[in-house]
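[1] fold the following.
(2 chains)
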2 protein chains.
Amino acid sequence: MKARVYVSMKPTVLDPQGQTICSALNKLGHREIASVRQGKYFEIGVAEGTPHDSAVQVLDTIAKDVLSNPVIEDYRVEILE
Amino acid sequence: MKARVYVSMKPTVLDPQGQTICSALNKLGHREIASVRQGKYFEIGVAEGTPHDSAVQVLDTIAKDVLSNPVIEDYRVEILE
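    A predicted model of the protein is given here:
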């Protein structure tokens, strides 16, 4: 089973890295770009034979406890197959 | 218009950061996790009034030329609205 976990800053948290990318893109001539926010993304392979429900639960636990900082970040888990 | 750009290592490129996360998760007791690969993820806002086709083209150019390194990375652009 494969899954993807997306971690991004909460909308209320400033993202200076994204702002820098945005102003760099504008300076390069891409004036259509109004905002950029950067996040992290993990492709996770779950061992064969793991029951679907327990895999979903483990992925949610990992995303919440290890891969993201729940004080300033939101996460989203996407199960692929 | 909003879009998301996902940048990940090509499958043939080693990802030591992902391997470290994977072994850390296994040591924490999450033995179901077989592999982890880390990537980057950008949420991009395009200025109102930009024609859809030109926005798609600009996003593809930016993803290819600025946000990713095409020698070792793959990218994927997702248009949201």
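
[2] can you tell me how far residue A:5 sits from chain B?
    According to CB to the nearest CB, to the nearest Å, residue A:5 stands 9 Å off from chain B. C-betas here are computed from N, CA, C, even on glycine.

[3] against residue A:41, how distant is that residue?
    7 Å (CB to CB, to the nearest Å).

[4] got any ranges where chain A has weak pLDDT?
    Low-confidence segments of chain A, defined by pLDDT under 70, are absent.

[5] which secondary structure elements does the strand ranked longest in it contact?
    Secondary structure of chain A per DSSP state E: the longest strand is strand A:33-46. Packed against strand A:33-46 by the contact rule (3 or more CB pairs under 8 Å, 6 or more residues apart in numbering or on different chains; DSSP states H and E) you find strand A:2-9, helix A:16-27, helix A:52-62, strand B:2-9, helix B:16-27, strand B:33-46.

[6] quick one: closest of those to residue B:74.
    For the helices and strands packed on strand A:33-46, the distance to residue B:74 is smallest for strand B:2-9, at 5.7 Å, taking CB to CB.

[7] so what secondary structure elements neighbour the closest one?
    Taking 3+ CB pairs under 8 Å, 6+ apart as the contact cut, strand B:2-9 packs with strand A:33-46, strand B:33-46, helix B:52-62, strand B:73-79.

[8] put the alpha carbons of the first one into PDB.
    Included here for strand A:33-46 are C-alpha records, laid out as PDB according to Å, rounded to 0.1, in the frame of the first residue of the first chain:
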ATOM      1  CA  ILE A  33       2.300  34.700  -9.300                       C
ATOM      2  CA  ALA A  34       0.500  36.300  -6.400                       C
ATOM      3  CA  SER A  35       1.500  34.000  -3.500                       C
ATOM      4  CA  VAL A  36       3.600  30.900  -2.700                       C
ATOM      5  CA  ARG A  37       3.600  28.800   0.400                       C
ATOM      6  CA  GLN A  38       6.000  25.900   0.800                       C
ATOM      7  CA  GLY A  39       5.300  22.600   2.400                       C
ATOM      8  CA  LYS A  40       6.700  19.100   2.800                       C
ATOM      9  CA  TYR A  41       5.500  15.900   1.100                       C
ATOM     10  CA  PHE A  42       6.200  12.300   2.000                       C
ATOM     11  CA  GLU A  43       5.600   9.200  -0.100                       C
ATOM     12  CA  ILE A  44       5.200   6.300   2.300                       C
ATOM     13  CA  GLY A  45       5.200   2.600   1.500                       C
ATOM     14  CA  VAL A  46       3.300   0.400   3.900                       C
END
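
[9] what strands flank it, and is each parallel or antiparallel?
    Sheet partners assigned to strand A:33-46 using DSSP bridges are listed as strand A:2-9 (antiparallel), strand B:33-46 (antiparallel).
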